[in-house]
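K.L.:
Sequence plus the predicted model coming up.
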Amino acid sequence: MGPEMDKLGVVTTFLHNIVVYNIPLLYGTVGEIMVEKSGSLNLGVEGIMAVGAIFGYIVGCYANSLGVGILTAFAAGALCGLLFAVLTVSLQANQNITGLTLTTFGLGVYFFVGNGVKAVRWPAMNDYPAIKEGFADIAIPGLSQLPVVGRGLFDHNLLVYLGVAVALAMWWYLRYTRPGLRLRAVGENPASADSVGVNVKRMKYLHICLGCGIMGVGGYYMGLNMSGSFNSSCWINGYGWIAVALVIFANWNPALAILGTFIFGFFNTLRVSGSSLAAAFPGPLGWLAAVPSQLYQALPFLITAVVLVLTSVRKREGSGLPASLGLNYFREER
Amino acid sequence: MEQQPYAIEMRGITKTFGSVVANRDVSLTLRRGEILALLGENGSGKTTLMNMLSGIYAPDRGEILVDGQPAAIHSPEDAKRLGIGMVHQHFKLVDVFSAADNIWMGKEKAGFVLGKNRYEEIAQTARRFGFELDPKKRVRNMAVSEKQTLEIVKVLYYGAKVIVLDEPTAVLTVQEIQKLFGVLRRMKEEGHSIIIITHKLNEVLEISDRVAILRKGEYITTVDTASTNEQQLTEYMVGRKVDLNIDRPVVEKTKPLLEIRDLTIRSDEGAVAIDHVNFYIRGGEMLGVAGIAGCGQKELCEAIAGLRPIQSGQMIHKGENIVGLSPKAILDKGISMSFIPEDRLGMGLAPSLSITDNMILKSYQDTKGPMVNRKKGKIRAEWVIEELGVVTPSADTPVRRLSGGNVQKVLLGREILAAPNVLITAYPVRGLDINSSYAIYNILNLQKEKGVGILFVGEDLDVMMALCDKIMVLCHGKVMGVVHAHKTTKEELGLMMTGALDLTNRYEDKPAGFARDTNIPPQQTPEKEEE
């Protein structure tokens, strides 16, 4: 193996890492897009991902089934969504406060359940072959044989493919189906939708739960990607907040969310792969090694801030921002 | 012989919002194939009553019968199934959707996947009912009349037999109103039953078969249109005799207060909105500004109030230049501006704040220190409520809870409190009923008698001809001339508004819009005008 091959190998690993480490962002973003398209601003993504993660991981391990884990994570996330919907749709609570509270609540549940289980017996991922194998990479025949990008982009675990599929399916759902049209109507102008007989409450409940369930699966992914090692820092590690910003970056378009995830993931992954890139390409990229690690840690949030500034100057024309986002709907309001 | 049941019968309907009774024991009947006008002042409960018919509100008491059968209407969906459709005053349309999608989203039986054929189906439906509608056009690119057409097509597409229109003419031009009335007559012939909410008497007399009148939430009576007249309807509506004449007190005029020379202003889009305009206002004089909507009225008002930069020209107040001054400095000179935009709540008042707080908004800078003088604000609010007859539970009521007429009184009252010498008021009676309108005219006339110079930007030519001393006509930002209100005719004004008649050069000895006793020293006037 010559030095050239080695360099390409570094690039491949870099690409691979972009996907592996950032797919949870896609789940969080796409889930939040669904929620926001119904006109609800849910800032509890971080907490919901944490709840989905802890229940999905523990139940999945005990059942020794990745499928059970995914379903449990989805159900746990959807239950959080149900809580959010009861508070904001039925009881008309302020959405921002409810979302923030849900984050605190979700992280509390995460540590409460995690520490409780750890006190008895923490399931280590290595002990559950079905989980480990289920999360193993699956190469797509043909595409994965492509030089450099093949291994980087087309040789991943099941949840990566599922995430992309969910994003594309949601894009189609919002754009080309009648329930999608009605959902968008609810998010844009609930009074209009109501006046033509769309059941606004039902639409909101359904899609808030669905979106939050998707976030929960994203949380589960993060747990698996950390090999289920439970310690003092939460698996989600701020990704939920980045997802909230990515929704804006993606302009509320689930297909664009895939692109947004990878662009964001590129910078995010420099933190992990920066030094190896610097070693492989000392000429053009050598300076990467000189960047202090603290900057890398701050980078996701710096980029989030930049993204928010850039997207805020975008004109309303063509924006996917639901016009009634964050506003509770009450039919008899005067 | 069995009597044919009413299409709609509402019996003993009561609806309260908190402590406010919006409808008290209201009964109403609608015959099949008739046009019923629902008449009443602002805040008399017309819209509330119709919202109960269309399922937006649930009545506290009372029952609704559809075709003689008791009907339970708990949601707009129920109303739709019963064949009741409502065209709301504030259109219920999704701005970013196409016309077809706005209709499609409420369709009961449609496939899961959106088909391309929906555009054709909607276009066909529109044609079948005799409308032109571009199904792919987005609502936000539509003119107001197009949106209304879409709303009507929408309720027809859902199969409505009973159609309620809430103040459909408020946003239309004279020609569009005639077109709408043609549509309503045709729908009536096709067997639809129509309720039209309005407070314009001439429209009631023109279009309706019967008139139902509400006053302060209570049902008064229903009369046949053929056997009534404006005077009688007004008395039912207001509850007492009303003098329908508008006063024009004659006041001794002072020297010009505000002189505008060669003023050019650009609109937000960069186009020329006001084009080399000259005019002046004297104290004790009311100058009307007539023109088709969007002819630079808004830009002119904003420029005088200091809210919009000007391109070129002079604005002289009592001989002093006001170009480039801050809005606050212009206000301190005694120039007050109130503008009622089309949506009527947009400009000048903070809807969620109380009347008192809205008073403080304008005067807080007068008190020193970081604290706000609430007591003074309250006194001011109570003065406005007292003097202008604002109907409100208290001075602490949020402005958005008031009815339209009262909101406009608060806005105008606050401007008057500043004791202005020039009062600029745009569309002060927009959307108001007779009683409130006359109250506003009186307020303006009182100001005029105090020697205030008033610029009255209006819509209704009849009113302007009766109320103003002179009328300036704008057409595409150019002045077409200034005429004496009592000498001109509607036809003359109409010709000027469309640009067919230009009277600016009528008098050779005096350039149009220049006062003889100007406060502007000659060296300041542009050279070409001195020739």
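P.N.:
Ah, there it is. Numbering: from 1, shown residues only, chains lettered A, B, ... in the order given.
K.L.:
drop to CA atoms for contacts and neighbour counts, all remaining ones
P.N.:
Will do.
K.L.:
So chain B: which segments form each domain?
P.N.:
With domains defined by automatic domain parsing, chain B comprises B:8-238, B:245-285+B:469-531, B:324-430.
K.L.:
Could I get the full set of helices for chain A?
P.N.:
Here chain A has its helices, by DSSP state H, at A:3-37, A:45-63, A:66-85, A:95-120, A:129-134, A:149-153, A:158-176, A:178-188, A:190-195, A:200-225, A:239-249, A:254-280, A:282-285, A:293-312.
K.L.:
Also the stretch 351-500 of chain B?
P.N.:
Taking DSSP state H, counting those that start in this stretch, the helices of the stretch 351-500 of chain B run over residues B:355-363, B:374-388, B:404-417, B:434-449, B:461-467, B:490-497.
K.L.:
from the chain's centre, how far out does the third one sit?
P.N.:
Relative to the mean C-alpha coordinate of its chain, helix B:404-417 is positioned 14 Å out (Cα atoms, centre = their mean, to the nearest Å).
K.L.:
In this structure residue A:14 contacts residue A:267, no?
P.N.:
No - Residue A:14 lies out of contact with residue A:267 (Cα atoms under 8 Å); the separation is 10.8 Å.
K.L.:
Comparing these two, which shows the higher neighbour count?
P.N.:
More neighbours surround residue A:14 than the other of residue A:14 and residue A:267, with 21 against 17 (other Cα atoms under 10 Å in any protein chain shown).
K.L.:
Show me what from chain A comes close to chain B.
P.N.:
Residues of chain A lying close to chain B (Cα under 8 Å from any Cα of the partner chain) are A:176-179, A:181-182, A:185, A:188-189, A:191-198, A:331-332, A:334.
K.L.:
how about 10 Å then?
P.N.:
With Cα under 10 Å from any Cα of the partner chain as the criterion, chain A comes near chain B at residues A:172-173, A:175-199, A:317-320, A:322-323, A:331-334.
K.L.:
which among those end up buried?
P.N.:
A:173, A:175-199, A:320, A:322-323 (16 or more other Cα atoms under 10 Å in any protein chain shown).
K.L.:
if we can go back for a sec, would CSV of the helices of the stretch 351-500 of chain B with mean pLDDT and mean neighbour count be doable?
P.N.:
Shown next, in CSV, are the helices of the stretch 351-500 of chain B (pLDDT from 0 to 100; neighbours: other Cα atoms under 10 Å in any protein chain shown):
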stretch, mean pLDDT, mean neighbour count
helix B:355-363, 85, 23
helix B:374-388, 87, 18
helix B:404-417, 81, 23
helix B:434-449, 86, 20
helix B:461-467, 87, 18
helix B:490-497, 83, 17
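K.L.:
can you list the weak-confidence ranges in the chain?
P.N.:
Defaulting to chain A. Residue ranges of chain A with pLDDT under 70: A:1-5, A:314-318, A:334.
K.L.:
That was the other one, I meant chain B.
P.N.:
B:1-3, B:242, B:340-347, B:431, B:507-510, B:522-531.
K.L.:
CA atoms only: put stretch A:165-182 into CSV for me.
P.N.:
Only the C-alpha atoms of stretch A:165-182 are listed here, as CSV (Å, rounded to 0.1, in the frame of the first residue of the first chain):
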residue,chain,number,x,y,z
ALA,A,165,-35.3,7.2,3.6
VAL,A,166,-37.4,8.9,6.2
ALA,A,167,-36.2,12.3,5.0
LEU,A,168,-37.0,11.6,1.4
ALA,A,169,-40.4,10.1,2.3
MET,A,170,-41.3,13.1,4.3
TRP,A,171,-40.3,15.4,1.5
TRP,A,172,-42.6,13.5,-0.8
TYR,A,173,-45.4,13.5,1.9
LEU,A,174,-45.3,17.2,2.4
ARG,A,175,-45.1,18.1,-1.2
TYR,A,176,-47.2,15.6,-3.1
THR,A,177,-49.9,14.2,-0.8
ARG,A,178,-53.2,15.6,0.4
PRO,A,179,-52.5,15.0,4.1
GLY,A,180,-49.2,16.9,3.5
LEU,A,181,-51.1,19.8,1.9
ARG,A,182,-53.5,19.9,4.9
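K.L.:
Distance from the chain centre to that stretch, please.
P.N.:
Going by Cα atoms, centre = their mean, where stretch A:165-182 is centred and where its chain is centred differ by 18 Å.
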